[in-house]
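>>> sequence unavailable; structure follows:
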């Protein structure tokens with residue numbers, strides 16, 4: 001009975017203290033000054049993370065301890081407090097049946113995961129790379145991170161995660177949560193003295209087609225070049241200067257190796273019987289292209305060009321190089337198609353763009369379709385219904401005028417922002433680079449694939465968009 005009496009008395013006294021500490025406010029307005037702002041950690045008596053402990057001291061032997069929330073913190077008979085889960089709890093201390101103290105406990109949210117954008121990188125000695133790491137959850141009390149290199153002679157890392165290559169080799173950078181709760185992630189860095197890079201790592205070709213490898217070599221040594229070899233010359237050959245020729249159906253690996261033997265890269269060549277032609281696409285940004293230049297393009301195995309006719313819905317928005325490109329490409333014997341970069345946000349604007357394309361094409365004959373280039377960010381935010389209705393409005397008007405019209409866009413937009421029935425009844429020119437699986441984002445059919453933005457073509461300056469066609473437009 002005596003113990004029960006002490007427990008009831010402590011409970012009553014505790015309730016009275018709670019009412020005193022947290023009185024019920026009956027007025028909406030007050031002239032009292034606002035209390036100063038303190039963090040939860042500053043307002044508490046004990047601050048710890050889950051699993052950590054703290055000791056309540058200064059109380060008489062035999063004192064009893066009670067936790068207001070055992071899911072947040074527990075307390076043992078000797079006053080040892082253990083953090084259990086993030087939140088706040090109160091420890092009430094009773095001595096000889098009386099409440100003598102009430103201690104607040106703040107159990108902080110610890111970092112449970114460290115997310116990395118990537119988990120590895122290759123850098124040249126002397127180069128840097130940035131580790132992009134985030135502590136999770138964002139509500140963690142301390143989201144700071146600590147970076148440590150397992151071998152600073154290979155790579156060092158500063159306090160913000162910037163890695164610097166120092167010597168050849170591979171090293172692990174450990175990213176640790178600064179809260180000391182043990183959460184880590186690892187980032188692997190390979191430091192090289194020479195590095196070979198290619199413009200792409202997968203190329204589809206028609207039988208007899210060609211591809212020029214654009215490569216770069218960085219090295220701490222001077223005079224380093226590259227050599228090329230084919231894993232199967234019955235499928236694809238490669239010259240000493242990196243010109244690949246498709247010989248027969250199948251796949252072959254072309255290895256580009258630095259002459260010091262320190263670095264190599266592999267280009268997979270798919271010699272595909274279903275590819276009917278190889279082509280390029282251009283605009284004003286490719287500069288002046290003469291008839292002789294177009295003949296060089298043909299000599300590299302590219303038989304068609306899709307050129308920008310213009311953008312928008314005003315006749316004055318015709319590409320400034322369109323007339324020149326059309327005349328010179330046709331004179332060189334290139335097959336020609338055109339594309340129209342759209343800004344339309346309504347069906348009326350799309351129809352106006354179609355009228356503008358008709359004006360641009362007046363008196364011209366094209367061999368490939370008109371491609372409606374619909375990819376602008378201003379259109380993406382309209383959603384699938386509006387984007388699809390814009391496509392239908394533009395294409396229908398040009399189809400009524402006797403033209404074949406197809407859709408150009410990224411694989412992602414084709415898959416997620418366009419109704420399949422609208423594009424399935426027309427052809428699709430899909431942009432999807434740096435992949436060996438054209439169906440990885442867009443699962444529908446396509447008549448043309450833009451697979452590379454960094455092509456190297458004789459007769460054209462700089463990086464060139466490369467395409468393969470799977471349709472026959474000669475009929």
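That came through, no problem. As the structure is a computational prediction, the values presented were derived from the model and not from experiment.

>>> ok, for the residue nearest in space to the middle of the chain, nearest residue in space, not its chain neighbours?
Using CA atoms, centre = their mean, the residue of the chain that lies closest to the mean C-alpha position is residue 117, 8.7 Å off. What sits nearest to residue 117 in space, not counting adjacent residues and going by CB to CB, 6 or more residues apart in numbering, is residue 132, at 4.0 Å. Any C-beta I mention is one placed from the backbone N, CA and C, and that applies to glycine too.

>>> can you read off the pLDDT for the one you found?
Looking at residue 132, its pLDDT reads 97.

>>> identify the residues contacting it.
With contact taken as CB atoms under 8 Å, 6 or more residues apart in numbering, residue 132 is in contact with 116-118, 161.

>>> pick out the most distant pair among these.
The largest separation in the contacts of residue 132, counting by CB to CB, is between 118 and 161 at 12.2 Å.

>>> ok, back up a step: out of the contacts of residue 132, which end up buried?
Buried subset of those (neighbour count, 16 or more other CB atoms under 10 Å): residue 161.

>>> secondary structure added to the contacts of residue 132, as JSON lines?
As requested, these are arranged in JSON lines below (DSSP: H, G, I helix; E, B strand; the rest coil):
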{"residue": "116", "secondary structure": "strand"}
{"residue": "117", "secondary structure": "coil"}
{"residue": "118", "secondary structure": "coil"}
{"residue": "161", "secondary structure": "coil"}
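
>>> want to try a markdown table for the contacts of residue 132, with distance to residue 238 as columns?
Converted to a markdown table, the contacts of residue 132 look like this (distance: CB to CB, whole Å):
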| residue | distance to residue 238 |
| --- | --- |
| 116 | 36 |
| 117 | 34 |
| 118 | 30 |
| 161 | 40 |
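
>>> what about the helix or strand containing residue 227, distance to the chain center?
Assigned by DSSP states H and E, residue 227 belongs to strand 226-230. Relative to its parent chain, strand 226-230 has a centroid offset of 31 Å by CA atoms, centre = their mean, to the nearest Å.

>>> partners of the helix or strand following that strand in the sheet?
Using DSSP H and E, the helix or strand that follows strand 226-230 in sequence is strand 236-238. Using DSSP bridges, strand 236-238 pairs in its sheet with strand 243-246 (antiparallel).

>>> for the protein, which segments are assigned as helices?
With helices called from DSSP state H, the chain shows them at 2-21, 291-299, 322-332, 347-360, 377-380, 384-400, 411-416, 420-424.

>>> worst average pLDDT in these?
helix 2-21 (a mean of 46).

>>> what's the burial count for residue 353?
27 (other CB atoms under 10 Å).

>>> ok, the residue nearest to the centre of the chain to residue 161 distance?
11 Å (CB to CB, to the nearest Å).

>>> mind listing what residue 445 touches?
Contact analysis of residue 445 by CB under 8 Å, 6+ apart lists 424, 428.

>>> quick revisit: with pLDDT and distance to residue 389 as extra columns, can I get the contacts of residue 132 in CSV?
Shown next, in CSV, are the contacts of residue 132 (pLDDT from 0 to 100; distance: CB to CB, whole Å):
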residue, pLDDT, distance to residue 389
116, 97, 41
117, 94, 37
118, 95, 39
161, 97, 46
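
>>> now, among the contacts of residue 132, which is nearest to residue 409?
Taking the contacts of residue 132 together and measuring to residue 409 by CB to CB, the closest member is residue 117, at 26.2 Å.

>>> rewinding a little: identify the contacts common to residue 117 and residue 161.
132-133.

>>> got the contact list for stretch 117-126?
Stretch 117-126 is touched from outside by 129, 132-133, 155, 163-168, 185-195, 218-220, with contacts defined as CB under 8 Å, 6+ apart.

>>> show me those that map onto strands.
Using DSSP state E, 129, 133, 155, 163-165, 185-192, 194-195, 218-219 are the members of the contacts of stretch 117-126 that sit in strands.

>>> which among those residues end up buried?
Looks like the ones in strands among the contacts of stretch 117-126 have 129, 133, 155, 163-165, 185, 187, 189-192, 194-195, 218-219 buried, using 16+ other CB under 10 Å.

>>> pick out the most distant pair among those.
Among those, 185 and 219 lie farthest apart (CB to CB), at 31.0 Å.

>>> quick revisit: quick one, which of the helices of the chain is nearest to residue 471?
Each of the helices of the chain has some distance to residue 471 by CB to CB; the shortest is helix 420-424, at 14.2 Å.

>>> packing partners for that closest one?
Applying 3 or more CB pairs under 8 Å, 6 or more residues apart in numbering; DSSP states H and E, we find helix 420-424 packed against helix 384-400.

>>> what angle do the helix it packs on and helix 347-360 make?
30 degrees (axes from the mean of the first three to the mean of the last three CA atoms, to 10 degrees).

>>> which residues make contact with helix 384-400 from outside it?
340, 342, 344-351, 353-355, 357-358, 370, 372, 374, 379-380, 382, 405, 407, 416-419, 422-423, 426.

>>> what's the answer for stretch 353-373, then?
Under CB under 8 Å, 6+ apart, the answer for stretch 353-373 is 304, 306, 309-310, 312-315, 317-318, 322, 326, 335-342, 344, 391, 393-395, 397-398, 401, 403-409, 427, 429, 469, 473-474.

>>> before we move on, what about stretch 259-269?
Applying CB under 8 Å, 6+ apart, the contact partners of stretch 259-269 are 192-198, 200-203, 205, 211, 213, 215, 217, 219, 221, 224-227, 235-236, 244, 246, 251-258, 436.

>>> tell me which helix or strand in this structure has the weakest average pLDDT.
Least confident helix or strand, the chain: helix 2-21 with a mean of 46, by mean pLDDT, DSSP states H and E.

>>> how close does the closest residue to residue 151 other than its chain neighbours get to residue 217?
Nearest residue to residue 151, sequence neighbours excluded (CB to CB, 6+ apart): residue 171, at 4.6 Å. Distance of residue 171 to residue 217, given as CB to CB: 23 Å.

>>> picking up where we left off before, buried members of the contacts of helix 384-400 into PyMOL, please.
Of these, the buried ones go into a single PyMOL selection, burial set by 16+ other CB under 10 Å:
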select buried, resi 340+342+344+345+347+349+350+351+353+354+357+370+372+374+379+380+382+405+407+417+418+422+423+426
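
>>> any low-confidence regions in the chain?
Applying pLDDT under 70 to the chain picks out residues 1-42, 475.

>>> which residues does the nearest residue in space to residue 330 that is not next to it in sequence contact?
Spatially, and ignoring its direct neighbours in sequence, residue 330 is nearest to residue 336 (6.1 Å; CB to CB, 6+ apart). By CB under 8 Å, 6+ apart, the contact list for residue 336 reads 304-307, 326, 329-330, 366-368.
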